[in-house]
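Asks: Sequence and predicted structure, then a few things I'm wondering about:
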Amino acid sequence: MYLREESLITKAKSSKKLPNFVWGTVLVLLIMFIGQMMGGICLDPVYFFLNIFSSNEDLIILFISLMADIFVLVLIFIRVKFIEKRKISTLGFAKENWLKKYAKGFLVGFAMMASVVGILFLFKGVKVETNPIQPVGVKAIGGVLFILIGWIVQGATEEVVTRGWFMNVIGARYNATFALILSSSVFGILHLLNPQVSIMAVINIILVGFFYGIYVMKSNDLWAVCGMHTAWNFAQGNIFGFEVSGINVEVSTLFDLKLVGNDIITGGSFGVEGGLIATLVLMASIFILLKLDKK
């Protein structure tokens, strides 16, 4: 299943600048903040342009907020290319079969989210929203496909920053285990200011980080986890209609579902990734990933 080749951590050792874990963590936070701020300013005119073609203002606002992450990508690519003096491909972007790898990751991410929702259905933790306030079903397909573009950018950005760059430069300076733990923890920290965040939600996001991090270390590939991340968020918000990491994304969805029952189990207003069912699915996914690697 996994490639046995020069690891991304080994490739990161060619960097002219390897930050220590404190400065590396600060850089992650700075790059995310500055990049998103630049994106918000530079993409502001796009809002007025898109308003000409769509009356769904919430859809446009969410799309622009997701697309703003392009500027985060630009900053991290500048760091790698001109400060660390290495190729962008060393982040995990090999050209061979890149689309196949991405599609495979997308299917895995979708399956994981569908598993969470399926288990919730079995335990009556979810029901269909009878009074939706957003386009649902066939009439929502245009908006769903449109917002998918934003999720593709957003998912790739977080993976490039945390797994493609941060985890590997920390691994190159220290060791792989410390890099995996730190990058996953920082990934959780990035969501601490999200609405309705809880301890369970942060634990689950850290577990997501572990799953993606282990996959990257075992496969030496970033394409697949970019697909996983995108599918996880996209399915959660615009296929099943839940909040995504506490953020209301009611702009268009194929199915408008509502979480009911104990918030600890379902995730409540944070979305399903804040609940115990998601914890179990993520832990099972990590276990399966490790077992497949041994085979």
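Replies: All right, it came through fine.
Asks: give me every residue that touches the residue lying closest to Gly164 once chain neighbours are set aside.
Replies: In space, and not counting its chain neighbours, Gly164 is closest to Leu91: 3.7 Å by Cβ to Cβ, 6 or more residues apart in numbering. No exception for glycine: its C-beta is placed from N, CA and C like everyone else's. With contacts defined as Cβ atoms under 8 Å, 6 or more residues apart in numbering, Leu91 is in contact with 8, 80, 160, 164-165, 168, 222.
Asks: Could you tell me which of those count as buried?
Replies: Among the contacts of Leu91, those buried by neighbour count (16 or more other Cβ atoms under 10 Å) are 8, 80, 160, 164-165, 168, 222.
Asks: out of those residues, who's nearest Phe71?
Replies: The shortest distance between Phe71 and any of the buried ones among the contacts of Leu91, using Cβ to Cβ, involves Val160 and amounts to 12.5 Å.
Asks: Let's verify the closest one: helix, strand, or coil?
Replies: Here Val160 is helix, with the state taken from DSSP: H, G, I helix; E, B strand; the rest coil.
Asks: Return the distance of it relative to Leu120.
Replies: Val160 is 31 Å from Leu120, where distance means Cβ to Cβ, to the nearest Å.
Asks: same thing with Ile288?
Replies: Between Ile288 and Leu120 the distance, using Cβ to Cβ, works out to 20 Å.
Asks: These two: who's more crowded?
Replies: With other Cβ atoms under 10 Å as the criterion, Ile288 and Leu120 differ in neighbour count, and Leu120 comes out ahead with 25 against 11.
Asks: The helix or strand containing Ile60: what's the following helix or strand?
Replies: Using DSSP states H and E, Ile60 falls within helix 57-67. Per DSSP H and E, the first helix or strand lying C-terminal to helix 57-67 is helix 70-78.
Asks: packing partners for the helix or strand just after that next one?
Replies: Stepping forward along the backbone from helix 70-78, the first helix or strand reached (DSSP H and E) is helix 98-122. Here helix 98-122 touches helix 223-234, helix 276-294, going by 3 or more Cβ pairs under 8 Å, 6 or more residues apart in numbering; DSSP states H and E.
Asks: Quick one: work out the angle between the last one and helix 223-234.
Replies: It refers to helix 276-294. In this structure, helix 276-294 runs at an angle of 170 degrees to helix 223-234, with axes from the mean of the first three to the mean of the last three Cα atoms, to 10 degrees as the basis.
Asks: CA atoms only: put helix 276-294 into PDB for me.
Replies: Output of helix 276-294 as PDB, limited to C-alpha atoms (Å, rounded to 0.1, in the frame of the first residue of the first chain):
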ATOM      1  CA  LEU A 276     -17.700  10.600  20.700                       C
ATOM      2  CA  ILE A 277     -18.900   8.700  17.500                       C
ATOM      3  CA  ALA A 278     -16.300  10.600  15.500                       C
ATOM      4  CA  THR A 279     -13.700   9.800  18.200                       C
ATOM      5  CA  LEU A 280     -14.400   6.000  17.700                       C
ATOM      6  CA  VAL A 281     -14.300   6.300  13.900                       C
ATOM      7  CA  LEU A 282     -11.000   8.200  14.000                       C
ATOM      8  CA  MET A 283      -9.400   5.800  16.400                       C
ATOM      9  CA  ALA A 284     -10.600   2.800  14.300                       C
ATOM     10  CA  SER A 285      -9.200   4.500  11.200                       C
ATOM     11  CA  ILE A 286      -5.800   5.000  12.800                       C
ATOM     12  CA  PHE A 287      -5.700   1.400  13.900                       C
ATOM     13  CA  ILE A 288      -6.600   0.200  10.400                       C
ATOM     14  CA  LEU A 289      -4.000   2.400   8.900                       C
ATOM     15  CA  LEU A 290      -1.300   1.000  11.100                       C
ATOM     16  CA  LYS A 291      -2.400  -2.600  10.400                       C
ATOM     17  CA  LEU A 292      -2.300  -2.000   6.700                       C
ATOM     18  CA  ASP A 293       1.200  -0.600   6.900                       C
ATOM     19  CA  LYS A 294       2.400  -3.700   8.700                       C
END
